[in-house]
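Visitor: fold the following.
(chains A and B)
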Amino acid sequence: MKLFGKVRGLRLATKLALVGPVLVLAPLFVLVQQVDLESVFVETQAQSMLRAAQGISVIFNGREDLFENLAIDTEDYEPIYATPLLRPVRLDGEALEWQDLAERTYAFGREQSGDASFTIAIGERENAIYGYMRVRDDRRVYRDARILRLDNSDQVRLDFRRQDSRPTRLAITSTGPGIVTAYDMDEAWQFAKSGRPENRVRGWLSETDDGFALEFRVPTELLAESTTIGFSFVDVDDAEERSIRAITQSLPTTGRSSFNLVLLKSTELLNILDGLGVSDARISVIDADSRLRAASGVVSRGTAPAATDGFRPATWLRNLFRGTQTAEQDAEASELIASQVIQSALAGSPSVERRNHELGFEIITAAYPIVSAGAGVLGAVVVEQSTDRTLAMQSQTIDRLFGLVLATFVLVMLALFAFAARLAWRIGQLRKDTGRAIDEFGRLQTVKLKREQKAGDEIGDLARSISAMLASLQRYTGFLERMPRTLRHEIHNPLNTLSTSLENLADEVEGARDSKYLASARRGVARIGAILQGLADAASLEESLRSETPEHCDIAALIASYVRNTNNNHPCREFRYRGANRGVSANIPDYRVEQMLDKLIDNAIDFGREDSPILVALNRHQDYLRVIVANRGPVLSESVAESLFDSMVSHREVQDKLHFGLGLYVVRIIAEYHGGRARALNLVDGSGVMLIVELPADETAATDFEQQLAPLDMEEPQRANTANIQGS
Amino acid sequence: MQKHIAIVEDDPDQRANYCDALAKKGYQVSAYANRAAALEGFSEALPDLVILDIILEGEEDAGFDLCRSLLQRAPELPVLFLTERTNEVDKISGLRLGAWDYLSKPISLQYLAERVASLLRIVEPSPIAGQEQGARIGHLEVDLDRLSATWRGIRVPLSGTELRMLQMLVDNPDSAVSYATLMKATNQPMVTNNTINTHMRNIRRKFVTIDSDFSCINNEYGFGYRWIVQ
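Guide: The predicted model follows:
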């Protein structure tokens, strides 16, 4: 119960700290909205890309001629795609630049890894076709420069065919590892057409463990309108005999044309696309057979920083509020989306989709059909662009906003805390001041609180109203304090009249002096006078205590003497003293101790059983000297025990003597003024009551007096029932 | 010769009671209700003794004013304050003005008559002039009639009540005098032990002012006081 009684609820600062975070919600909503806007931005971008695709498609609309030069049905060929190369290629026979193209590497030969088989990857960059060829050859036979005929060494043959079926034959030979030389060949591949090599074709040959690697470059101008190309490797194994042992061709089956469809791009289309000068988007033209005919630009990440460079609030928020579904899309699904977009465009309806690039960022693919009045859909323009650039600005905004929200939140919280701390401090100070305004005995110490009097807010109002309350309280207590003296002052005159009249009456009237009525009238007058005196004494007690000079007295000797004298004064009652006979110093004037003893003994005589002794004891308990007056008789109820030492409280059933509840009040005031306290306890066995006055022990007092203490023959006060303590 | 006593008291009942009681003792009594009437009366003839109340018909310090003007005219005139104002401050200021005694209400008429008689005796010394009237014990000499006490030849400025208490102590040297006995010295009907204690402290303090080694008054706690002859 006590535990719950102490929990009163939260402090002011804690409450504000709990309420404060609500403030961050508003800017947080803005942030969330910003994130939501992303889809709008992306959608806008997608639409504008579709418009761009549409615009580009207009250029190609009706231009069947641009698409016609690929009349060959692709079903007849195994197409070899020339993959756009992102990086410049150094012709050094190394495979470095080609690692990205591992998927686009085609293998030829009877056995995949047998002698004279080869793999080839074709790339395209800056008006040139690059090729990387790995050949397995158990015996490398290089060209002998002394022999004019060329078909007697290991060589790579390139065979172009144009629309008009006029083939071009190039043989790439080498006299050793290093730079290779290409020659334009006659129909039989035996002699070069002219003595000069074809210098536009360059290459480099390097030897490998199982053969050699050839990296070469053929400018597109050489290809001119060529649309098909054949690769073959001529294997010569005997350096003496120099006869062709095998020819491995890119042609899958001998029954067909010996040409592979390689270069599907149209240079004219490329030129047009390049002319568009789009930098951060990739624009490609696909023909009706889904073949890439031209492409320009690359899809880049734009200016958005990579997602990995530290904490990005925007990324974090996006993930938090949108989930990461786009990031989970795998490459296959992404390819599928791209092909769906293209197929849709080729079917005649523009389409746009978002998908993930294989490098991890999101791109938008928009496709718009190219149409011709006669031939229907000729192909499609595909525009691909990263969403990064569009989102970069938004991300920056979100990042800034996030920082701003965070800073605002921190500032607001700091301000709130400061405000709460200040408020709590002010209230705390006001509480302390208010507490100090009335001392522990309920006396007013000040009428006006010093703090907060000029504050304009509610705390100021509170302080002022407390001051006003204190002032009216002071007026009231002042009235109460003055009342006994005023009363005595006002009653003294009529009382004097009464007593002098009684005296004159006694002299004047014969026999009146012996009249019992005169005697009772005189007693009445005396009693009123005593009451007035008592009231005035009690009222002026504190005043006289304050004017008192500090004094010491031997309290043991005093009490011992007092009890002795009291026994003489009251022969029919017995008083016992338990305690030292001398040598216990106390910081209190002797007459004050006597005054207290008078009241305590009076009380004990009135309430104690006549056949039982009254015990007076002096002992030391911790830092206090305890004067105990105990008597057998009626016990105190809890409420009586608590109020026993209050002013004007009398619990006597018969008002036979001069008692108006001031005696024990005087005891309390004296004890408290000297730093002690007074309280009343019932004896443990319920046979009576003891009144205890505790006074601070004088440290100069003899310390060995405890040993002089005889045990109480009544109950030990230490073991007294403490349930109903508290006299003050 | 009949002595003339003037009483200044605003309450008619009390005034009448004082007049009756004193007249019965054979004094000629004039009574005045306020300051103006009293001054007028005194301008005709000065009485032999004046009893003054301090508050007169709402005038707070009228008694003090009267005392001042009377003593200016006749410094040796016995002036007695009889008032309900029992503050120490009032007592001190009354005695400082030169009043001979300060009595507080309620008072017994018999005691008032005795005080009056005693004061008049001081003014008019008894025929046996020069004879040692007071009691002498150790270094102390008390003359109740002359309202004087001396310690080692130095006058101790005690009030009437204090002198009477002292007298009671020295009447029974070396034996304890009870509170009840000492209460009689105050001539007030109900007095607490504490009042006696206060008086005794005052007496002791006045002696100590003269002689810091003074320790003749001893408290018998719970009983009373004792004069120890040194």
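
Visitor: all helices of the stretch 601-728 of chain A, in order?
Guide: Remark: helices assigned in the stretch 601-728 of chain A by DSSP state H, counting those that start in this stretch are A:638-643, A:663-673.

Visitor: of all these, which one is nearest chain B?
Guide: Evaluated over the helices of the stretch 601-728 of chain A, closeness to chain B peaks at helix A:663-673, with 8.6 Å, by CB to the nearest CB. Every C-beta, even on glycine, is put in place using the N, C-alpha and C of the backbone.

Visitor: relative to the whole chain's centre, how far out is the closest one?
Guide: 59 Å (CA atoms, centre = their mean, to the nearest Å).

Visitor: and what of stretch B:147-162?
Guide: With CA atoms, centre = their mean, you get 12 Å for stretch B:147-162.

Visitor: low pLDDT regions in the stretch 401-550 of chain A?
Guide: A:440-441 (pLDDT under 70).

Visitor: after the longest helix seen in chain B, which helix or strand is next?
Guide: The longest helix of chain B (DSSP state H) is helix B:193-210. Using DSSP states H and E, the next helix or strand after helix B:193-210 towards the C-terminus is strand B:217-220.

Visitor: can you list contacts of the helix or strand just after that next one?
Guide: Next in sequence after strand B:217-220, counting helices and strands by DSSP H and E, comes strand B:224-227. With CB atoms under 8 Å, 6 or more residues apart in numbering or on different chains as the test, strand B:224-227 has contacts from B:137, B:169-170, B:172-182, B:196, B:200, B:216-220.

Visitor: run the last query once more with 7 Å
Guide: B:169-170, B:173-179, B:181-182, B:200, B:216-220 (CB atoms under 7 Å, 6 or more residues apart in numbering or on different chains).

Visitor: per-residue confidence averaged over it?
Guide: Averaging pLDDT along strand B:224-227 yields 89.

Visitor: just give the strands next to that strand in its sheet, each with its orientation.
Guide: Here strand B:224-227 is paired, per DSSP bridges, with strand B:176-178 (antiparallel), strand B:217-220 (antiparallel).

Visitor: re the thing from before, lowest average confidence across the helices of the stretch 601-728 of chain A, which one?
Guide: helix A:638-643 (a mean of 76).

Visitor: could you dump the strands paired with strand B:224-227 to a markdown table with mean pLDDT and mean neighbour count?
Guide: Listed next are the strands paired with strand B:224-227 as a markdown table, based on pLDDT from 0 to 100; neighbours: other CB atoms under 10 Å in any protein chain shown:
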| stretch | mean pLDDT | mean neighbour count |
| --- | --- | --- |
| strand B:176-178 | 87 | 18 |
| strand B:217-220 | 86 | 18 |
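
Visitor: for the stretch 201-350 of chain A, which spans come out with low pLDDT?
Guide: For the stretch 201-350 of chain A, the ranges with pLDDT under 70 are A:223-228, A:250-268, A:270-271, A:277-279, A:291, A:300-314, A:317-332.

Visitor: again, 50 this time
Guide: Scanning the stretch 201-350 of chain A with the threshold set as pLDDT under 50 gives A:252-259, A:264, A:304-308, A:324-327.

Visitor: show me where it has its strands.
Guide: All strands of the stretch 201-350 of chain A, identified by DSSP state E, counting those that start in this stretch, fall at A:202-208, A:211-219, A:228-236, A:244-249, A:260-261, A:281-287, A:292-296.

Visitor: most tightly packed of the helices of the stretch 601-728 of chain A?
Guide: helix A:663-673 (a mean of 22; mean count of other CB atoms under 10 Å in any protein chain shown).

Visitor: what does the stretch 551-700 of chain A have sitting close to chain B?
Guide: Proximity of the stretch 551-700 of chain A to chain B (CB under 7 Å from any CB of the partner chain) is limited to residues A:558, A:561-562, A:565-566, A:568-569, A:590-591, A:594-595, A:597-598.

Visitor: just the buried ones from the residues you listed, in ChimeraX syntax?
Guide: Selecting only the buried entries of these in ChimeraX, with 16 or more other CB atoms under 10 Å in any protein chain shown as the criterion:
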select /A:558,561,562,565,566,569,590,591,594,595,597,598
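
Visitor: pLDDT and secondary structure for the residues of the stretch 551-700 of chain A next to chain B - can I get that in JSON lines?
Guide: As requested, those are exported to JSON lines (pLDDT from 0 to 100; DSSP: H, G, I helix; E, B strand; the rest coil):
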{"residue": "A:Leu558", "pLDDT": "90", "secondary structure": "helix"}
{"residue": "A:Ser561", "pLDDT": "89", "secondary structure": "helix"}
{"residue": "A:Tyr562", "pLDDT": "91", "secondary structure": "helix"}
{"residue": "A:Asn565", "pLDDT": "88", "secondary structure": "helix"}
{"residue": "A:Thr566", "pLDDT": "88", "secondary structure": "helix"}
{"residue": "A:Asn568", "pLDDT": "85", "secondary structure": "helix"}
{"residue": "A:Asn569", "pLDDT": "83", "secondary structure": "helix"}
{"residue": "A:Asp590", "pLDDT": "86", "secondary structure": "helix"}
{"residue": "A:Tyr591", "pLDDT": "86", "secondary structure": "helix"}
{"residue": "A:Glu594", "pLDDT": "89", "secondary structure": "helix"}
{"residue": "A:Gln595", "pLDDT": "87", "secondary structure": "helix"}
{"residue": "A:Leu597", "pLDDT": "90", "secondary structure": "helix"}
{"residue": "A:Asp598", "pLDDT": "88", "secondary structure": "helix"}
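
Visitor: which elements pack onto the longest helix of chain B?
Guide: The elements that helix B:193-210 packs onto, with contact taken as 3 or more CB pairs under 7 Å, 6 or more residues apart in numbering or on different chains; DSSP states H and E, are helix A:590-607, strand B:154-156, helix B:160-171, helix B:179-186, strand B:217-220.

Visitor: let me have these in CSV, extended by distance to A:Val156.
Guide: Compiled in CSV, the helices and strands packed on helix B:193-210 are given as follows (distance: least, CB to CB, whole Å):
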stretch, distance to A:Val156
helix A:590-607, 129
strand B:154-156, 149
helix B:160-171, 147
helix B:179-186, 145
strand B:217-220, 140
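
Visitor: wait, which of the ones you listed is closest to B:Glu40?
Guide: helix B:160-171 (29.7 Å; CB to CB).

Visitor: quick one: average pLDDT of the closest one?
Guide: Here helix B:160-171 scores 84 as its mean pLDDT.

Visitor: distance between that helix and the chain's centre?
Guide: The answer for helix B:160-171 is 12 Å, by CA atoms, centre = their mean.

Visitor: try stretch A:35-42
Guide: 27 Å.

Visitor: next structured bit after the one helix or strand B:Ile5 maps to?
Guide: Element membership for B:Ile5, per DSSP H and E: strand B:4-8. Note on strand B:4-8: by DSSP H and E, the next helix or strand toward the C-terminus is helix B:12-24.

Visitor: next structured bit after that next one?
Guide: Immediately after helix B:12-24, counting by DSSP H and E, sits strand B:28-32.

Visitor: just the C-alphas of that next one, formatted as PDB.
Guide: Taking Å, rounded to 0.1, in the frame of the first residue of the first chain, the C-alpha atoms of strand B:28-32 are listed here in PDB:
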ATOM      1  CA  GLN B  28     -10.300  62.400  52.300                       C
ATOM      2  CA  VAL B  29     -10.800  61.200  48.800                       C
ATOM      3  CA  SER B  30     -11.200  63.100  45.500                       C
ATOM      4  CA  ALA B  31     -12.000  61.200  42.400                       C
ATOM      5  CA  TYR B  32     -11.600  62.200  38.800                       C
END
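
Visitor: who touches the lowest-mean-pLDDT helix or strand in chain B?
Guide: Lowest on mean pLDDT, DSSP states H and E among the helices and strands of chain B sits helix B:88-96, with a mean of 74. Residues from elsewhere that reach helix B:88-96 (CB under 7 Å, 6+ apart): B:54, B:64, B:81, B:102, B:159.
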